[in-house]
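In: missing the sequence, but the structure's below:
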């Protein structure tokens, strides 16, 4: 009886501990979110989405150029990074020999862990310096470098998860290997791959450091991909540390917009994951 | 080696092709009632198979008769599935797997055939139903599309024909475009058979097709095998000796990577010529 009481006591203590720490974790998250939403929503209005920034001292204005700039550069990064990561992932999962696969996988993981500011310096060296100008191209290139390892590893993981009997079924019907991959393996893994890629895009959309000295920033509309371009994370960075209340207000609004975009992509990814035909696990 | 001389057994006991009017040789223990003669579809000679350094098959010699059902029985790990998987070379996708000896399909060595062509002729049904994550229709159409076999008649007709042959048509005709995963396990397995039949294979390999199914679904698969007998050479690997006795005309007994005995099913079960076979079928091990 005593023993039982002791066990129940220990059980209670452990439950209490885990509960407390869960609450700490959750409260930090909600504090940040709540603070962001509180401050952001006070400052956000329709102008924020449609107008250009106004000079210091004036009120109003918006960040339409930064929203468009972010979209442009994330789009560029997706165009460059997703196909490379996707086909590389197919190679790793389906064709690569043991040592090659290991080397590439390891490199990708390293690349994934490289501080984003280093990526920024690299992109500055290989794009900005030869072009003699900051540009959306350079920003998109820097972001794509961050996206490649994510896309590569996601694709590889989800392809490797496709059950072997499914491949064998297709091979046994006389399908050549590339058709098995294209018609059976990739479709079976497509939801996972898409989800991973969307989450990867959401992640790079919030990156600041790679854009600081590649896209730089711009108070106006960029007139081409080869011009300095504003982006939400960089705008948050410059506005938040500025001594003007109006700018700080705008930074909060930009933070809220970025959060909203990330949340939307997350929901989108989960929605994709929850519909369609899932692979049945043997 | 004394207990299992690997050269001695199967070829003698396997029924050789017999001309119509020739008297049955003594070694052929067929019942007196005359059976139609049969032709060899798959001729396997001195087949050894390795996974890396592990030898999974030792000197297999067997002649699989055309348009008959041949069962392969034996305890787990005896190599019967490995053997089956060498017949359509699907084992090649296993790393470090290697085959020696020859497997001839209609006299042509399968190693010399184009592998996709071979697999078009030799279909396979797996242990667990493994439909593609596609619709019922697309599952059956897959082989036809991949092989560009559309030929005469519409794709829909071919799919319907295959589903009818697999005795599944009536159950799925109203939901052809639903996911194959909406079907029960037994229906999925018949769908996999329909998928294999859609490209008109000459040989159908069945690797324990009923092991994941209940008795009713099993009975349906067995009925199906009977109905396919006229068109198709079938080789079934099974753990279930009753199943072998029910469906197969010929049975091979595998033990530890060797083909111990191959004969008419009745002979294997009633008068096995080898002690190991007798021990196995009477349940003394395995």
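Out: Received it, and whenever you're ready, just let me know what you need. As the structure is a computational prediction, the values presented were derived from the model and not from experiment. Numbers count the residues shown, from 1 in each chain, chains lettered A, B, ... in the order given.
In: shaky segments in the stretch 51-200 of chain B?
Out: B:149-152 (pLDDT under 70).
In: Just give me the neighbour total for residue A:275.
Out: By other Cβ atoms under 10 Å in any protein chain shown, the residues close to residue A:275 number 9. The C-beta positions use only the backbone N, C-alpha and C, and glycine is treated the same way.
In: Can you check what pLDDT the model gives it?
Out: Looking at residue A:275, its pLDDT reads 72.
In: can I see the domain layout of chain A?
Out: Recorded structural domains for chain A (assignment: automatic domain parsing) are A:2-43, A:46-281.
In: Nearest residue to residue A:76 in space, please, no chain neighbours.
Out: Nearest residue to residue A:76 in three dimensions, chain neighbours excluded: residue A:140, at 2.7 Å (Cβ to Cβ, 6 or more residues apart in numbering or on different chains).
In: Which neighbouring elements make contact with the one helix or strand that neighbour maps to?
Out: Using DSSP states H and E, residue A:140 sits in helix A:136-160. In terms of contacts (3 or more Cβ pairs under 8 Å, 6 or more residues apart in numbering or on different chains; DSSP states H and E), helix A:136-160 is packed against helix A:64-90, helix A:98-113, helix A:116-123, helix A:186-205, helix A:209-212.
In: give me that answer again for 10 Å
Out: helix A:64-90, helix A:98-113, helix A:116-123, helix A:129-131, helix A:186-205, helix A:209-212 (3 or more Cβ pairs under 10 Å, 6 or more residues apart in numbering or on different chains; DSSP states H and E).
In: wait, which of those helices is closest to residue B:94?
Out: helix A:98-113 (14.4 Å; Cβ to Cβ).
In: which outside residues touch the closest one?
Out: Residues from elsewhere that reach helix A:98-113 (Cβ atoms under 10 Å, 6 or more residues apart in numbering or on different chains): A:85, A:88-89, A:91-93, A:95-97, A:119, A:145-146, A:148-153, A:156, B:95.
In: hmm, try it at 6 Å
Out: Under the contact criterion Cβ atoms under 6 Å, 6 or more residues apart in numbering or on different chains, helix A:98-113 has outside partners A:92, A:149, A:152-153.
In: so what's residue B:236 closest to, chain neighbours aside?
Out: Per Cβ to Cβ, 6+ apart, closest to residue B:236 is residue B:206, 4.2 Å.
In: about what we covered before: out of the helices and strands packed on helix A:136-160, which one sits most buried?
Out: helix A:209-212 (a mean of 26; mean count of other Cβ atoms under 10 Å in any protein chain shown).
In: got a list of contacts for that helix?
Out: A:116-117, A:119-120, A:139, A:142-143, A:231, A:234.
In: what is the mean pLDDT for that helix?
Out: The average pLDDT for helix A:209-212 rounds to 92.
In: After that helix, which helix or strand is next?
Out: With DSSP H and E setting the assignment, the helix or strand that follows helix A:209-212 is helix A:232-240.
In: centre of the chain versus that next one, how much separation?
Out: On the basis of Cα atoms, centre = their mean, to the nearest Å, helix A:232-240 sits 18 Å off its chain's mean C-alpha point.
In: swap in stretch A:127-144?
Out: Here stretch A:127-144 is found 19 Å from its chain centre; the criterion is Cα atoms, centre = their mean.
In: Now that stretch: buried residues?
Out: For stretch A:127-144, burial by neighbour count (16 or more other Cβ atoms under 10 Å in any protein chain shown) applies to A:127-128, A:134-144.
In: Rebuild those as CSV, extending it with pLDDT.
Out: Output for the buried residues of stretch A:127-144, formatted as CSV (pLDDT from 0 to 100):
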residue, pLDDT
A:127, 93
A:128, 93
A:134, 93
A:135, 93
A:136, 94
A:137, 94
A:138, 95
A:139, 95
A:140, 95
A:141, 96
A:142, 96
A:143, 96
A:144, 96
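In: Among those, pick out the one closest to chain B, please.
Out: Minimum distance to chain B across the buried residues of stretch A:127-144 is 30.5 Å, recorded for residue A:144 (Cβ to the nearest Cβ).
In: if we can go back for a sec, so which of the helices and strands packed on helix A:136-160 gets nearest residue B:219?
Out: helix A:186-205 (31.2 Å).
In: quick check: angle from that closest one to helix A:232-240?
Out: Relative orientation of helix A:186-205 and helix A:232-240, computed by axes from the mean of the first three to the mean of the last three Cα atoms, to 10 degrees: 20 degrees.
In: What residues does chain B have near chain A?
Out: Along chain B, the residues adjacent to chain A under the rule Cβ under 6 Å from any Cβ of the partner chain are B:90, B:116, B:119-120, B:124, B:126, B:128, B:130, B:132-133, B:143, B:146-147, B:179, B:181.
In: OK, contacts around residue 217?
Out: Chain wasn't specified; assuming chain A. So residue A:217 contacts A:230, A:234 (Cβ under 6 Å, 6+ apart).
In: Correction: the question concerned chain B.
Out: By Cβ under 6 Å, 6+ apart, the residues touching residue B:217 are residue B:186.
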